[in-house]
Structure formats: C-alpha cells, structure tokens
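Novice: need a structure here:
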Amino acid sequence: RTEIFKLIDNLLLLEKGKVVYNGRACRARAYLESCPSVEQLPPETGIADWIMDTITQDETRDGGGVLPEYWKEKHKTMDTSAFADDCGETTNPAYKTSSTPAAPPPILDRRKSSLAELRAIPKFETSFWLQLRLLTSRVVKQQRGEKVTMVNLLLTLTYIVFTGFFYWRLPDDTSSIYQRNSLLFFMLIAQSNGIVISSVNTFQRERALLSRERAKKMFGVLPFFIAKTVSDMTNNVLLPVAYGIVSYWMANLRPTAAAFFSFCLAFYLTLSTAQSMGLFLSIAIPNMQIALILAPPITLFFILMGGFYVPFESMNPFIAGLSWLSFARYGYSSFLITEYQGRDIPCSEEDEAFLIGTGECPLPGDSVLADLGITGVPANFWFNICVVLSMQIVFRVASYALLRRSK
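Specialist: Below you'll find the model as predicted:
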C-alpha cells in the first residue's frame, strides 16, 4: 500500500545483492524514472509493486541488469534534491549532476530504549477485560454452533430412547439394585468418553488459530483460557446433562428433590472433569491423530477403575491404588451415595435372592454401599464432590501451564 510506503524514511533496493538505490524512500520513484531503461509509474499502481516489478524486469533483461551499474556510476555525483517530488519539496524531474559530491545525510539522533522503558510498553493494545469479553463471546458462539447441532440432538435423543428401552421405570425395590447400578455406570461411561473425544478433537482444530493469533499479539493466553473454560462449562456438557436429567426420572431413580439435585451436581462436575481431562490430553499431545488414538483407552482405563466391573476390594493392590486418581471412581461413588445412602430399599414381591447387600428386608441402602466397597470417608457425598472438583482444577491449571509453554 502506498500509504505504508510513505511511512518509510530510508530505502535500500538490491538486485541480486547489488545496490540499485540507497536513500530517502520518497525520492526513489523520481530516481528510478530518471533511468533510461525504466518506464514511469503507471496510473493507479502502487509504488511498492512498481518498484519490485521494475527490479524484476531488470534482473531478467538479456545481458544482465543495468540498474546496479547505473547506480554505481551516477550516485556519487548525484544531486538528490532533484528527485524530491514525493517529499513535499520542489520538483525538478531533470537529472542533474554536480562536480561536488553530495553532502552525507544527517545522522539521526537515536538511542536504545532502556529495559525499564521496554517493560513499560504494554504487550497488547487492548485491556485484559476487553480481551476476555470478546473471546468469551466468540468462543461461546462458536462452540454453541458446534455442540448444539441437529446431529448432536439426534445422538442425545438416541441415548434417551436406548436408555428407555432397557431401564424404563425400574421397580423401586431390591430386585432392581443391579440394574440401577448398571444404569448409573452406563450414564457415566457413555457421556464421559464422548466428551473427552469431543474436547480433544475441538481443541486440536483451534490450536493453529490460537498460535497464529498469539503471534500477532491479538490476545494473551489467560483470557483465551478463561473464555474457553467458561464455554466448556456450558456448551460442552449441556446436552449430556440434559440426557442425565431425562434419564433420571425416566428410569425411576430415587424420587426426592434432594437426591435429584445432588445427582445433577455430581453428574455435571464429573462430566466437566472428563472434559478438562480431554483438554489436558489435547494440549499435552500436539499431534491430533495420536491424541485421538490415545484418548479413548486412557479414558476407559480411568472408567474401569470406577468400581462397577470390579469392586474395589477385589482389585489388584496396584490398580486399587491408581483408582484413587480416577475421576470415574468419585463420580460413580457419588451417584451410588445419592441413590442409596440414608434410605431403606423395599423388598421385592417376587421370591428372589439378594445379589447385593445383607439380605435384610427392607434392605438398608448403607449396606448396599458397604457391599460395593464404599465405606468410611469415601462414603461421604461431599468428599467425592470435592475430589472431583479438585481434579478438574488440577487438569485446568496443568492445561494452562502447558498452553503457556507451547508455541
């Protein structure tokens, strides 16, 4: 652009390493037009493009370019004031020579900035809060369009129909204890695995855009990360939480307000933690293909340590120790505590043996939890909630630290 070209003070033009022009940028056009082999600047043509085209044409000239030789021969005796038409000075298009060499250009009075002055210069043109507001609005709108789509709505509806076929209105008695446990674990494994893979896939697409915008100093890492966290806490878990709410009443789980809201809190925090783990994996594994390959088995490994397929007391000691690092353990435990703790389960009218519990009638819900290995401090609902929330914070902080170090 010509406006940008006018901001240049001094201009050095080279052709295959040889000087073509060295002087004030505003006089380059007049000098080049004075050369016999150069055509004048055409109308409505940018001066920078014209200069580059002129040098390129001279390079490809048969017998070699003449502009470097012209400069070598003439610049020592040149009266540069003759080419001042673009500098706001008197114009004289004729080429002048003088026996007296031109005076050297004045030395600019410049100094290096001090470290304190450099640190005082703001890194970004906009404030932190403006960056955060704009990024939050952009990320929320972007991910809302990606997450709440017709395909995702149909997938959620399919999960609801599938759940209804298998777990519709479970009897609230001892005959359905195992079915309730399997439903709670199915809700956990189906939604958590999907959220992890989705978060890995989404951020890998955002990585290139983030790197490019960071290089342009459009915003900092912290406002971007906070905006993404806000979006992840809403759009990413919106449909899975809706599935959990519908399935809760459809399957006839514990029908009390306290149990329902406790379940919603535990379900939301568990899915948010799974999403945070997916974000951490996507940042820690820059290669998208490798991340998508490793994310599902890592997620399933944590979910298998949740305590449904293998009770905690039956696990290998090493695996049992690792299970304390599994978000699925605390999420599933909080579901079971919400469903069974502090209540008596009516006996089934059918003559069936108890698969879980002590065989009492009515069956105490706490004995079901004890039979599943949930005793002591882990049998406290708020303990599990605090651990899940802490895991989410750890995953987020670690993701932010890795993102700051990434390029």
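Novice: Could you give the number of residues near F124?
Specialist: 13 (other CB atoms under 10 Å). For every residue, glycine as well, the C-beta is placed using N, CA and C.
Novice: If you could redo that for Y268, that was the one I meant.
Specialist: For Y268, using other CB under 10 Å, the count is 16.
Novice: Secondary structure of it: a helix, I assume?
Specialist: Yes - using DSSP: H, G, I helix; E, B strand; the rest coil, the secondary structure at Y268 is a helix.
Novice: thought it was touching V237?
Specialist: Yes - judged on CB atoms under 8 Å, Y268 makes contact with V237 at a distance of 6.3 Å.
Novice: Going by neighbour count, which residues in the helix or strand in which S198 is found are buried?
Specialist: Element membership of S198 [criterion: DSSP states H and E] is helix 177-215. Within helix 177-215, the residues that count as buried by 16 or more other CB atoms under 10 Å are 177, 180-181, 183-204, 210, 214.
Novice: Then stretch 157-168?
Specialist: Within stretch 157-168, judged by 16+ other CB under 10 Å, the buried ones are Y159, T163, Y167.
Novice: neighbouring contacts of it?
Specialist: Contacts to stretch 157-168, defined as CB atoms under 8 Å, 6 or more residues apart in numbering, come from residues Q179, L183, F186, M187, A190, Y243, V246, S247, M250, A251.
Novice: so what pLDDT did the fourth one get?
Specialist: pLDDT, the model's per-residue confidence, is 91 for M187.
Novice: so who does it touch?
Specialist: T163, Y243, G244, S247, F267, F335.
Novice: wait, doesn't the fifth one sit right on V241?
Specialist: Yes - contact status for F267 versus V241: in contact at 6.4 Å, counting by CB under 8 Å.
Novice: These two: which is more packed in?
Specialist: Per other CB under 10 Å, whichever of F267 and V241 has more neighbours is F267, with 26 against 17.
Novice: so how far is A190 from the more buried one?
Specialist: Per CB to CB, to the nearest Å, F267 is found 12 Å from A190.
Novice: and the nearest residue to T375 once chain neighbours are set aside, how many neighbours does it have?
Specialist: What sits nearest to T375 in space, not counting adjacent residues and going by CB to CB, 6 or more residues apart in numbering, is L369, at 7.1 Å. Other residues within reach of L369, judged by other CB under 10 Å, total 21.
Novice: per-residue confidence for L369?
Specialist: At L369, the pLDDT recorded in the model is 87.
Novice: which SS class is it?
Specialist: helix.
Novice: I'd assumed W382 was in contact with Y330.
Specialist: No - the pair Y330 / W382 is not scored as a contact, 11.1 Å apart, by CB under 8 Å.
Novice: Compare those two (neighbour count), which wins?
Specialist: When Y330 and W382 are compared for neighbours, Y330 comes out ahead with 27 against 10, by other CB under 10 Å.
Novice: Chain neighbours aside, what residue packs nearest to A328?
Specialist: Here the residue nearest A328, using CB to CB, 6+ apart, is G306, at 3.6 Å.
Novice: In a helix, that neighbour, correct?
Specialist: No - secondary structure of G306 (three-state DSSP): coil, not part of a helix.
Novice: Could you check how many residues crowd around it?
Specialist: G306 - counted by other CB under 10 Å - has 25 other residues nearby.
Novice: any idea how far L209 is from it?
Specialist: In terms of CB to CB, G306 sits 35 Å off from L209.
Novice: just F225 next, same as before
Specialist: Counting by CB to CB - F225 and L209 are separated by 14 Å.
Novice: E59: which of the buried residues of stretch 157-168 is nearest?
Specialist: Y159 (66.2 Å; CB to CB).
Novice: re the thing from before, show me the contacts of M187 that map onto helices.
Specialist: T163, Y243, G244, S247, F267, F335 (DSSP state H).
Novice: Quick check: closest non-adjacent residue to the third one.
Specialist: On the basis of CB to CB, 6+ apart, the spatially nearest residue to G244 that is not a chain neighbour turns out to be F267, at 4.6 Å.
Novice: for the one you found, what are its contacts?
Specialist: M187, V241, G244, G331, F335.
Novice: M233 too?
Specialist: M233 neighbours (CB under 8 Å, 6+ apart): S272.
Novice: Please apply the same query to F128.
Specialist: G220, L222, P223.
Novice: buried subset of these?
Specialist: Going by neighbour count (16+ other CB under 10 Å), the contacts of F128 have G220, P223 buried.
Novice: can you give me the helices for the stretch 51-200 of the chain?
Specialist: Under the criterion DSSP state H, counting those that start in this stretch, the stretch 51-200 of the chain contains helices at 67-74, 115-120, 128-147, 150-167, 177-215.
Novice: Could you tell me the least trusted of these?
Specialist: Looking at these, the bottom one is helix 115-120 with a mean of 70.
Novice: Surely I8 is in contact with A25?
Specialist: Yes - I8 is within contact range of A25, at 4.1 Å (criterion: CB under 8 Å).
Novice: Counting neighbours around each, name which of these two comes out higher.
Specialist: Per other CB under 10 Å, whichever of I8 and A25 has more neighbours is A25, with 21 against 12.
Novice: Return the distance of that one relative to P42.
Specialist: For A25, the distance to P42 - CB to CB - is 19 Å.
Novice: Then I293?
Specialist: 57 Å.
Novice: Which one's more surrounded, those two?
Specialist: I293 (11 against 8).
Novice: tell me the pLDDT at the more buried one?
Specialist: 87.
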